[in-house]
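Trainee: Whatever this is, show me its structure:
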Amino acid sequence: QLQLVESGGGLVQPGGSLRLSCAASGFTLDYYNIGWFRQAPGKEREGVSCISSSGGSTNYADSVKGRFTISRDNAKNTVYLQMNSLKPEDTAVYYCAALHTFQAMCVISPGDEYDYWGRGTQVTVSS
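Mentor: Alright, predicted model coming up:
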């Protein structure tokens, strides 16, 4: 069974950090671009960051540039999102998704083109 599972969410104070993980089972992530997305209550889903299958290309939404870092460990079949200097407006459910592609680049998008999705992990930034 093909599955993506997010973990690492939680409650953190403004200025704090969290590291999210996206672990795949039932398939290898080697040939997939991975995207991180988030959706806050009453808002549309938005792309946060993405990484190409090789890890050679990464991209970030303007709202998180300089604060979030995406990385992947294909040996562990896992992608990470390191989130620093968190703000209350980062509060949302965070999802990872996998896109099977041979493109060497990835772009920020709402994610409609992605093939597989995790169920999400809640991130709450509040004092």
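Trainee: Show the backbone phi and psi for Thr121.
Mentor: For Thr121, the backbone dihedrals (degrees, to the nearest 10) come out as phi -140, psi 140.
Trainee: Same check on Trp36?
Mentor: phi -110, psi 140.
Trainee: and the spatially most central residue of the chain, what are its bridge partners?
Mentor: Geometric centre of the chain, nearest residue: Trp36, 2.2 Å, by CA atoms, centre = their mean. Counting by DSSP bridges, Trp36 is bridged to Ser49, Cys96.
Trainee: Next up, the contacts around it.
Mentor: 20, 22, 47-50, 70, 79, 81, 94-96 (CB atoms under 8 Å, 6 or more residues apart in numbering). Every residue, glycine included, has its C-beta placed from N, CA and C.
Trainee: Tabulate the residues you listed (CSV), appending distance to Glu6 and neighbour count.
Mentor: Below are the contacts of Trp36 laid out as CSV (distance: CB to CB, whole Å; neighbours: other CB atoms under 10 Å):
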residue, distance to Glu6, neighbour count
Leu20, 6, 23
Cys22, 5, 27
Gly47, 15, 20
Val48, 12, 26
Ser49, 13, 26
Cys50, 15, 27
Ile70, 13, 25
Val79, 10, 29
Leu81, 9, 25
Tyr94, 6, 24
Tyr95, 7, 23
Cys96, 5, 32
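Trainee: Out of the residues you listed, which is nearest to Gly10?
Mentor: The closest of these to Gly10 turns out to be Leu20 (CB to CB; 9.8 Å).
Trainee: Check whether that closest one sits in a helix, strand or coil.
Mentor: strand (DSSP: H, G, I helix; E, B strand; the rest coil).
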